[in-house]
Each structure stands twice: as C-alpha cells, then as structure tokens.
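Enquirer: just to be clear, the model below is a prediction. Sequence and coordinates:
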Amino acid sequence: MPISATNFFLTGQTGFYRGKVRDVYYVDDIMVAVATDRISAFDHILPRPIPFKGQVLNQLAAYFLDATKDIVPNWKMSMPHPNVTIGVLCEPIRIEMVIRGYLAGHAIREYHAGRRVLCGEEMPDGMKDNQAFPKPIITPATKAEEGHDVDISGEDIVAQGLVPRNVYNEMVKITRALFQRGTEMAAERGLILVDTKYEFGWYRDQIYIIDEVHTPDSSRYWYADKYQQNQEEGKPQEHLSKEFVREWLMSKGFQGLEGQQMPVMDDEIVTRISERYIHLYETMTGKTFIGAPDDDVTIEKVIEEGLRR
C-alpha cells in the first residue's frame, strides 16, 4: 500500500514535522526523514499517493548525497530502509537555491509573460522554449511555511539580511559545483539535468546540504539523445521529472491558483506517474528497482534499530 502518512512514536522522540512529501521525526539532535508517497505540485499536495515514489525519492537522494559529499557535507548518516534516512539535525537557511540550465518550467512561464529578468538574472531576448541559457542562472526563492515559495534576487537576500554576502556567495559557489556534478552524472546516463534546487543549513558552524539532491521532486531531466531533434522540430522535450505532473495538472486547468479545483486522479495517471519515477531511478543509477515492504510496522522497527546503532 502506498504511504500517505506515518504516525510513529519513536523512543526518545522530541518532535515531529509533516512536510509536503516527508514526515520528519526528531530525536534530540538526530532527524529521521520518512519519504512518503505523497506528491506535490504548484505547492499543493495531490489527492492520491504514488506507489514507490517515496522509495525512489529517498534512494536517489541518498545516491546523490553520497556522490556529492566531497563538494559539501550533508545531513545523511544512514539509510536503514528505502523510505527512511537518518541524519544530523541542522539549522535551516530559509532560502531555496534554484539553478536553471535551460529555459523551462517556471522560467518559461515568466518568459512567456514578457519578463526578461528572473530573480535578478537576465534571460536573453529571442530564446526558444527549452533552449540552454548561455550560463546556468541562479533564481533563489524564500522558503514559505505555507503556500508558494517567493522568488527573490541574491541582492535582495543580502539586503534583507537573510544571510550575509559572504555566506550567500559560498552558497552560490556550492550550488554551481553541485549542478556541474549533477550535469556530468546525468550525461553519463544519457540525460540532461535541466534545473534543480538545493536547501542548505548550519551544522557545527559549517554549511550543510539538508535535503534531497537531484531527485525527480527537486529536479527536471530530459533525454539527451532526443533533445536536439525535438528542438529543431519545435516539439516539447520528454520529461523524466515532476514537470510531467505539472503539465497534466495544467491540462486539467489547475496551477494552484485561488479558486481552481484540483482534478481527480484516476488509476491510470497514478500508475503512469509511478512508472516515471521508477524509470528515472533505473536510468539514473543503472540499477533495477526492487520495491521493499513499506508497512508502518516494518518501517518503525528498522528506524528504532537504526537509532540504536
């Protein structure tokens, strides 16, 4: 059964937080993140969970956290279950560092609205949909507790005192290094990393990555071998990421705006989304996906065992 939510009572538990897709348990200075099968788009949680999405998300996050820890330390300590990561509790920096290599997603929507500056970054005139930027642009957003995250420029981040300039500059440096690593890893698997986001925090006076890296929930991927032909023929690129879900929602008249009704999700769309996530896992890692038991009793047991180690 897909995991819509968990309600554990862990030994020594000191807190709990339910995010859009993760249930997070705190045990003193340790954080236990359970990747559920909830899925969100346009900052709304969709009405049905997606089978195995949580396992794909969590395992891919662990895969990329391990592959990038030479660039920046991260919160992960262990992964006792495919749905679960145990790690250190960091103090969040309330900024999402979004980096975009191509005119896609939110950038396309802004571009079509006539805007040529996004978060202080220029988007040249005459660009085609899905065209590469001359250099990847960084378009941060402030982290909202509820509702939509808000676009903000680097200059405004510093001016508003969200972080000092030297810290922001370091976040930019890390963001570009991570995106370069992700781009190279994607290319090895015949994919294009289009855009992604990173979340940072403090742990013992060091900047840490505190969330997922290069997963389908935080990133957009295209097939590299089809990219040029699709561009020349004016066709849309084939997504291996959550943009597929956003496009389905938009085709049903939903973009998360006030007064819009969330569409009904039938079994077919749920299955298609699940298959997309599993395909991306197998494409990105070269491994066959094998689903693990995801009942609450099993997961809670392995968490308790993991915390005792």
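Expert: Thanks, I have the structure now. It should be emphasised that the depicted structure is a prediction, and the values quoted were computed from it without experimental measurement. Residues are numbered from 1 along each chain as shown.
Enquirer: residue 76 pairs with what?
Expert: With DSSP bridges applied, the residues forming beta bridges to residue 76 are residue 87.
Enquirer: what's around it, how many residues?
Expert: For residue 76, the neighbour count with other C-beta atoms under 10 Å is 21. C-beta coordinates here come from the backbone N, C-alpha and C atoms, glycine included.
Enquirer: unless I'm mixing things up, it is touching residue 85, no?
Expert: Yes. Counting by C-beta atoms under 8 Å, residue 85 is a contact partner of residue 76 at 5.6 Å.
Enquirer: joint contacts of those two?
Expert: Common contact partners of residue 76 and residue 85 (C-beta atoms under 8 Å, 6 or more residues apart in numbering): residue 62.
Enquirer: so what's the gap between stretch 13-22 and the chain middle?
Expert: Put simply, stretch 13-22 sits 17 Å off its chain's centre (C-alpha atoms, centre = their mean, to the nearest Å).
Enquirer: distance between the ends of that stretch?
Expert: 17 Å (C-alpha to C-alpha, to the nearest Å).
Enquirer: mind listing the helices for the protein?
Expert: Secondary structure of the chain, counting by DSSP state H: helices at 53-68, 106-112, 154-159, 165-188, 224-232, 243-251, 267-285, 296-308.
Enquirer: which residues touch the most centrally placed residue in the chain?
Expert: The structure's the chain has its C-alpha centroid closest to residue 218; by C-alpha atoms, centre = their mean the separation is 1.7 Å. The neighbourhood of residue 218, defined by C-beta under 8 Å, 6+ apart, consists of 196, 197, 198, 211, 212.
Enquirer: try it again at 6 Å.
Expert: Shown here is residue 218, whose contacts under the criterion C-beta atoms under 6 Å, 6 or more residues apart in numbering are 196, 197, 212.
Enquirer: the nearest residue to residue 102 once chain neighbours are set aside: neighbour count?
Expert: Taking C-beta to C-beta, 6 or more residues apart in numbering, and ignoring the residues beside it in sequence, residue 102 has residue 194 as its nearest neighbour in space, at 4.8 Å. For residue 194, the count of nearby residues is 26 (other C-beta under 10 Å).
Enquirer: likewise the one 5 residues further on?
Expert: As a burial measure, residue 199 scores 20 neighbours (other C-beta under 10 Å).
Enquirer: the helices of the chain into a markdown table, with extra columns for distance to residue 120, mean pLDDT and mean neighbour count?
Expert: Supplementary listing: these in a markdown table, determined by distance: least, C-beta to C-beta, whole Å; pLDDT from 0 to 100; neighbours: other C-beta atoms under 10 Å:
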| stretch | distance to residue 120 | mean pLDDT | mean neighbour count |
| --- | --- | --- | --- |
| helix 53-68 | 26 | 94 | 23 |
| helix 106-112 | 13 | 96 | 16 |
| helix 154-159 | 6 | 97 | 16 |
| helix 165-188 | 12 | 97 | 16 |
| helix 224-232 | 27 | 96 | 12 |
| helix 243-251 | 24 | 88 | 18 |
| helix 267-285 | 31 | 91 | 17 |
| helix 296-308 | 42 | 91 | 15 |
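Enquirer: and those: which comes nearest residue 15?
Expert: Proximity of the helices of the chain to residue 15 was assessed by C-beta to C-beta; the nearest stretch is helix 296-308, lying at 14.3 Å.
Enquirer: packing partners of the closest one?
Expert: Here helix 296-308 is seen to pack against strand 76-81 when contacts are counted using 3 or more C-beta pairs under 6 Å, 6 or more residues apart in numbering; DSSP states H and E.
Enquirer: what comes up buried for the strand it packs on?
Expert: 76, 79, 80, 81 (16 or more other C-beta atoms under 10 Å).
Enquirer: likewise for stretch 110-125?
Expert: Across stretch 110-125, burial judged by 16+ other C-beta under 10 Å covers 110, 111, 118, 119, 120, 121, 123.
Enquirer: give me the spatial nearest neighbour of the first one, chain neighbours excluded.
Expert: Ranked by C-beta to C-beta, 6+ apart and with sequence neighbours excluded, the top spatial neighbour of residue 110 is residue 118, at 5.4 Å.
Enquirer: also the fourth one?
Expert: Nearest residue to residue 119, sequence neighbours excluded (C-beta to C-beta, 6+ apart): residue 139, at 3.9 Å.
Enquirer: follow-up on the earlier one: adding pLDDT and distance to residue 268, write the buried residues of strand 76-81 out as CSV.
Expert: As requested, these are exported to CSV (pLDDT from 0 to 100; distance: C-beta to C-beta, whole Å):
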residue, pLDDT, distance to residue 268
76, 98, 35
79, 96, 32
80, 95, 34
81, 94, 29
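Enquirer: now the residues you listed as CSV including distance to residue 231?
Expert: Rendered in CSV, the data for those read as follows (distance: C-beta to C-beta, whole Å):
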residue, distance to residue 231
76, 37
79, 38
80, 44
81, 41
